[in-house]
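Q: Okay, here's the prediction I keep looking at, along with the sequence it came from:
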Amino acid sequence: MPQSHRRRWIQQTAAALGAAAVAPRLLAQGAPVKIGYAIARTGPWAAGAQVSQEPNYLLWAEQVNAAGGLSVKGAKRPIELVGYDDRSETETCVRTFEKLMGSDKVDLVLPPWGSGANFAVAPLANRFGYPLLAPTALSRKLIDMQLPFFFSLLQQPDKMMGALVDMLAANNVKTVAIVYMDDLFGLENFAALNAALKKTSIQVVERKSYPLGVKDLAPVLRTIKDLNPDAFIGITYPPDTILASRQAREVGFNPKFFYASVGTAFQLYKNVMAANTEGVIGMGSWNAKTSPEAKAYFDAHTKKFGKEPDRWASGHCWAGLEILQQAVAKVGLDRKALREQIAKNEFKTILGPMRFEGSENASVPGTVAQWQGGEFEVVWPKSRATAQLAPKPAWKS
């Protein structure tokens, strides 16, 4: 599909589903609950945002409205989504959220996509007093800001990189090579990875950063191939994840362990890489085997959009919506009361019981997942595994 047609399709679908989220028969039940957000429908962030977040917002609103509306302390009210394209621009994202919370005074907000956008928006949400349950923010710096209204659903860099290093050490990896995105996400994960590696005897044979929008990683991969590491670790965004995987195959770089994220957990990765997904590892924390509720969500998402949710942030996004819904049912739309309810209680989600310590998800440990037979299986830690780690076959030509 040409890029311009794809962009129009995303915008038209979002607009149509957003409008459908308020069914006419529900309007008689009371004023809609207006829920605002800005998220990438265009630009480099859209690849992640349109898999892990906005489809979930649309599906959730549709399902809640079909069931009679959002329960607000016992009274059912329809959800009205007010969503805008932030165009993958931090300034646009912040300005839009400021309008939604300041002059529009929406009842609730949903978070933007990515660590950088959440880093910019979280202090604003805190100033206006809006709970922000973020499913795609990996930033220990953001957690350490201790913003009372901010809650991070994803496992943070220290947990995710710690789990990866534990798994590699348990499988006798001696050498690794690392490439990483030169932005907040990449830098924080790279730092956490280095800290975890220092506690082991694993040797790092190469560390290399790259800029947003990189078009060619082949020269770096050729250099790394000559160093022959046991494992490759790519702290990458979705387009770069695919680029690194394709070019590793092209240059004949076949390490025992090939790790890349974000994007490895996406159906797009499976579609593009086909048989070459087998054995690739990356950031993932759930799949349809995780719980009956996870399977129901997975099936509903796939049926609605004709594509699967990703096996990492999509599940955390849905869990955040479940938490928000449960909190509103208990205390209504008073945002201070909502903040207290979210901060002090445990909630039932598709990922299991979830609670927060400060701003951090305290219930889900760091995890590693691997493509096996068309499913992104959780393989580490063993306590949450849906399958055992398997050897990676060589890339297929």
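A: Arrived safely. Residues are numbered from 1 along each chain as shown.
Q: quick one, what contacts Phe253?
A: The contact partners of Phe253, by Cβ atoms under 8 Å, 6 or more residues apart in numbering, come to 221-222, 224-225, 232. In this view, the C-beta of every residue, glycine as well, is placed from N, C-alpha and C.
Q: rerun that using 6 Å as the cut-off
A: Shown in contact with Phe253 (Cβ atoms under 6 Å, 6 or more residues apart in numbering): 221, 225.
Q: switch to numbering from 4
A: Noted, 4 is the first residue going forward, which turns the last one into Phe256.
Q: Spatially central residue (nearest the centroid) of the protein, please.
A: Central residue of the chain (Cα atoms, centre = their mean): Ala316, 2.7 Å from the mean position.
Q: Pull up the gap between that residue and Ser288, please.
A: For Ala316, the distance to Ser288 equals 9 Å [Cβ to Cβ, to the nearest Å].
Q: coming back round to it: what's the closest non-adjacent residue to the residue nearest to the centre of the chain?
A: Ser55 (3.9 Å; Cβ to Cβ, 6 or more residues apart in numbering).
Q: Then Gln250?
A: Per Cβ to Cβ, 6+ apart, closest to Gln250 is Ala221, 4.6 Å.
Q: Do a quick rundown of the strands in the stretch 104-253 of the chain.
A: 111-112, 135-137, 153-155, 178-184, 206-213, 234-238 (DSSP state E, counting those that start in this stretch).
Q: With distance to Asn192 and mean neighbour count as new columns, can those strands be given to me in a markdown table?
A: Compiled in a markdown table, those are given as follows (distance: least, Cβ to Cβ, whole Å; neighbours: other Cβ atoms under 10 Å):
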| stretch | distance to Asn192 | mean neighbour count |
| --- | --- | --- |
| strand 111-112 | 26 | 23 |
| strand 135-137 | 16 | 28 |
| strand 153-155 | 14 | 28 |
| strand 178-184 | 7 | 22 |
| strand 206-213 | 12 | 16 |
| strand 234-238 | 5 | 27 |
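Q: Let me have those in a markdown table, extended by mean pLDDT and distance to Arg387.
A: Output for the strands of the stretch 104-253 of the chain, formatted as a markdown table (pLDDT from 0 to 100; distance: least, Cβ to Cβ, whole Å):
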| stretch | mean pLDDT | distance to Arg387 |
| --- | --- | --- |
| strand 111-112 | 98 | 30 |
| strand 135-137 | 98 | 21 |
| strand 153-155 | 98 | 19 |
| strand 178-184 | 97 | 23 |
| strand 206-213 | 97 | 27 |
| strand 234-238 | 98 | 21 |
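Q: Can I get those in JSON lines including distance to Asn121?
A: Shown next, in JSON lines, are those (distance: least, Cβ to Cβ, whole Å):
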{"stretch": "strand 111-112", "distance to Asn121": "12"}
{"stretch": "strand 135-137", "distance to Asn121": "5"}
{"stretch": "strand 153-155", "distance to Asn121": "8"}
{"stretch": "strand 178-184", "distance to Asn121": "16"}
{"stretch": "strand 206-213", "distance to Asn121": "22"}
{"stretch": "strand 234-238", "distance to Asn121": "17"}
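Q: What is the helix or strand where Lys339 lies packed up against?
A: Using DSSP states H and E, Lys339 falls within helix 338-347. For helix 338-347, the packing partners by 3 or more Cβ pairs under 6 Å, 6 or more residues apart in numbering; DSSP states H and E come out as helix 316-334.
Q: so the helix it packs on versus helix 338-347, what angle?
A: Interaxial angle of helix 316-334 relative to helix 338-347 (axes from the mean of the first three to the mean of the last three Cα atoms, to 10 degrees): 120 degrees.
Q: what's helix 316-334 packed up against?
A: Secondary elements touching helix 316-334 (3+ Cβ pairs under 6 Å, 6+ apart): helix 49-55, helix 57-69, helix 338-347, strand 350-352.
Q: Out of these, flag the one nearest Ala397.
A: The closest of the helices and strands packed on helix 316-334 to Ala397 is helix 49-55. By Cβ to Cβ, the value is 27.6 Å.
Q: For Gln375, which residues are in contact?
A: Neighbours of Gln375 in contact, by Cβ under 6 Å, 6+ apart: 390, 393.
Q: I'd say Asp89 and Phe100 touch.
A: No: judged on Cβ atoms under 6 Å, Asp89 makes no contact with Phe100 at a distance of 8.7 Å.
Q: list residues touching both of these two?
A: Going by Cβ under 6 Å, 6+ apart, residues that sit against Asp89 and also against Phe100 are Ala41.
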